[in-house]
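[1] output the structure for:
(2 chains)
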Protein chains: 2
Amino acid sequence: MKIPKIPEATITRLSVYSRYLAELSKKNIVTISSNEIAEGVGVSSAQVRKDLAYFGEFGTRGVGYNVKDLHDYIVKILGLNMEWPVVMVGAGRLGTALSMYGGFRQRGFKVVGIFDVDPNKIGQKINDVEIRPLEQLEEITKAHNAQIGIITVPASEAQEVADLLVESGIQAILNFAPKNLNVPLDIEIRNVDLAVNLEVLTFNLTMKKPSQ
Amino acid sequence: MKIPKIPEATITRLSVYSRYLAELSKKNIVTISSNEIAEGVGVSSAQVRKDLAYFGEFGTRGVGYNVKDLHDYIVKILGLNMEWPVVMVGAGRLGTALSMYGGFRQRGFKVVGIFDVDPNKIGQKINDVEIRPLEQLEEITKAHNAQIGIITVPASEAQEVADLLVESGIQAILNFAPKNLNVPLDIEIRNVDLAVNLEVLTFNLTMKKPSQ
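    Alright, predicted model coming up:
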């Protein structure tokens, strides 16, 4: 699959389209137009066509897309036609919530290891997965061939954890700690800052105010 | 402030720039170039300049930007030069984690009400905020003049909660339930799907594999 550089916004929209197509598929809907996808997910139909065009020719003019084929293709593009073992470092409230988050499992992400430094937490289980000391990170990562690590430790410990994940053989990191982390160039990293989502809202609320 | 339609990606990057500038400001760094901002946050310097250009002229050629001025200006653009009271519906694991999430408070978001339908939870406190029954949503929202509501209930209840938030006078909704919600056109809504973040990583990991 040789594909040009895809904007990240397109990838996140593909993820949204695939969910919508999965819903439609469950309702036995066979074909759909780009206008209908656009309306269903709240983006413009031009955007839908542009996003899909990155990956070649889809659909039939005047007929639309086959729901199941398009769904399966997008799922494959996103790499979700397989299960992804994930290790999670940080068994605090956020780590626990994420470990139990149904949305991960539903999309093929399986938490295979949870790690913490707190001796009181070690040995406890979250969704049948034992909380282990960091010393076992590499062993568990390799045993499950996990390529993805999630960081939910405080900002002050996040860099050290990122280094450990990289040493353990992790290829991609999802970082929830509010800190920019340094990782080797060949490691994929994505920072999730939950407050950013609120800031998009306050930006829009502020722009709306006639007084400003 | 008359500003053209800004891409959401720009707004999220502004949020990232402002954090980085706050860090620099703490270190008493006075000026910075777009190249340095770019390097510090991991985007191209052309992107930094383009993002800032939406909001007028910044910086001095050959000197760069004044760190504090730029920080304060971005914070104002994002509407973060004030405190935003927030109501949260759903006191499950994710709601609890979010209610205690330091990153919200740090950026001026204050959870003033937490609501749930579970009688066992009502009356308990999270970070000194009492969990209340949904019947009190409108009263608390109005008492604190909250404009933002966060939904962390299961998908099956999310639409009903969104309707209640709108009736209570909420202007913007951050939705963590994996479901597209219908709200009036004048209500800002933003869906957070935590799995999407992992899917951007799996897309990148999949694209890298030479065999595919």
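
[2] and the longest helix along chain A, anywhere near chain B?
    What stands out as the longest helix in chain A, according to DSSP state H, is helix A:8-26. Yes: looking at helix A:8-26 against chain B by Cβ under 8 Å from any Cβ of the partner chain, the contacts come from A:8-9, A:11-12, A:14-16, A:19-20. In this view, the C-beta of every residue, glycine as well, is placed from N, C-alpha and C.

[3] any idea of the mean pLDDT for that helix?
    Helix A:8-26 shows a mean pLDDT of 89.

[4] okay, now the domains of chain A?
    A:8-77, A:84-196 (automatic domain parsing).

[5] any chance of the ones you listed in JSON lines, plus mean neighbour count and distance to residue B:142?
    Written out in JSON lines, the entries for the domains of chain A read as follows (neighbours: other Cβ atoms under 10 Å in any protein chain shown; distance: least, Cβ to Cβ, whole Å):
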{"stretch": "domain A:8-77", "mean neighbour count": "17", "distance to residue B:142": "29"}
{"stretch": "domain A:84-196", "mean neighbour count": "19", "distance to residue B:142": "25"}
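
[6] same for the helix or strand bottoming out on mean pLDDT in chain A, what does it pack against?
    Lowest on mean pLDDT, DSSP states H and E among the helices and strands of chain A sits helix A:102-106, with a mean of 82. Counting contacts by 3 or more Cβ pairs under 8 Å, 6 or more residues apart in numbering or on different chains; DSSP states H and E, helix A:102-106 packs against helix B:194-208.

[7] sorry, back to before: and the furthest pair within the residues of helix A:8-26 next to chain B?
    A:8 and A:20 (19.1 Å; Cβ to Cβ).

[8] hmm, whichever strand in chain A runs longest touching chain B?
    Taking DSSP state E as the criterion, chain A has its longest strand at strand A:109-116. Yes: judged by Cβ under 8 Å from any Cβ, strand A:109-116 and chain B are in contact via residue A:109.

[9] in its sheet, what does the helix or strand that that strand is followed by sit against?
    Moving toward the C-terminus from strand A:109-116, the next helix or strand (DSSP states H and E) is strand A:125-126. Strand A:125-126 sits in its sheet next to strand A:129-133 (antiparallel), going by DSSP bridges.

[10] the strand it pairs with: how far from the chain's middle?
    Offset of strand A:129-133 from its chain centre (Cα atoms, centre = their mean, to the nearest Å): 22 Å.

[11] give me the angle between the helix or strand just after it and strand A:109-116.
    Using DSSP H and E, the helix or strand that follows strand A:129-133 towards the C-terminus is helix A:137-144. Going by axes from the mean of the first three to the mean of the last three Cα atoms, to 10 degrees, helix A:137-144 is angled at 160 degrees with respect to strand A:109-116.

[12] which outside residues touch helix A:137-144?
    A:85, A:87, A:89, A:112-113, A:115, A:132, A:146, A:149, A:164-165, A:167-170 (Cβ atoms under 8 Å, 6 or more residues apart in numbering or on different chains).

[13] do stretch A:108-120 as well
    Residues contacting stretch A:108-120 (Cβ under 8 Å, 6+ apart): A:80, A:82-92, A:95, A:99, A:104, A:122, A:126-127, A:129-134, A:136-137, A:140-141, A:144, A:146, A:148, A:157, B:195, B:198.

[14] ok, now with 6 Å
    Applying Cβ atoms under 6 Å, 6 or more residues apart in numbering or on different chains, the contact partners of stretch A:108-120 are A:80, A:83-89, A:91, A:99, A:126, A:129, A:131-132, A:134, A:137, A:140, A:144, A:146, B:198.

[15] same question for stretch A:77-94.
    With Cβ under 6 Å, 6+ apart as the criterion, stretch A:77-94 contacts A:55, A:75, A:95, A:99, A:107-116, A:121, A:131, A:141, A:144, A:146, A:148-153, A:161, B:97, B:100, B:199, B:202-203, B:206.

[16] do me a favour and average the pLDDT over it.
    On average, stretch A:77-94 scores 93.

[17] where in chain A is pLDDT low?
    Low-confidence segments of chain A (pLDDT under 70): A:1-4, A:210-212.

[18] circling back to that earlier point, tell me how far the least confident helix or strand of chain A lies from the chain's centre.
    Relative to where its chain is centred, helix A:102-106 has its mean C-alpha point 10 Å off (Cα atoms, centre = their mean).

[19] doesn't residue A:164 make contact with residue A:133?
    No: using Cβ atoms under 6 Å, residue A:133 makes no contact with residue A:164, being 11.6 Å away.

[20] which ones are touching residue A:188?
    A:172, B:201, B:204.

[21] next, give phi and psi for residue A:86.
    phi -130, psi 140 (degrees, to the nearest 10).

[22] quick one: residue A:166 from chain B, how far?
    14 Å (Cβ to the nearest Cβ, to the nearest Å).

[23] helix, strand or coil: sort out that residue for me.
    helix (DSSP: H, G, I helix; E, B strand; the rest coil).

[24] how much space between it and residue A:160?
    11 Å (Cβ to Cβ, to the nearest Å).

[25] same thing with residue A:65?
    Distance of residue A:65 to residue A:160, given as Cβ to Cβ: 47 Å.

[26] residue A:154 too?
    Taking Cβ to Cβ, one finds residue A:154 at 11 Å from residue A:160.

[27] before we move on, what about residue A:89?
    10 Å.

[28] cool, residue A:149 as well?
    In terms of Cβ to Cβ, residue A:149 sits 13 Å off from residue A:160.

[29] what's the answer for residue A:170, then?
    14 Å.

[30] cool, residue A:67 as well?
    Distance from residue A:67 to residue A:160, by Cβ to Cβ: 46 Å.

[31] try residue A:101
    For residue A:101 relative to residue A:160 (Cβ to Cβ), the value is 25 Å.

[32] chain center to the host helix or strand of residue A:46: distance?
    Using DSSP H and E, residue A:46 maps to helix A:45-53. Helix A:45-53 has its C-alpha centroid displaced from the chain centroid by 21 Å (Cα atoms, centre = their mean).

[33] ok, stretch A:33-51 next?
    That offset, for stretch A:33-51, works out to 21 Å (Cα atoms, centre = their mean).
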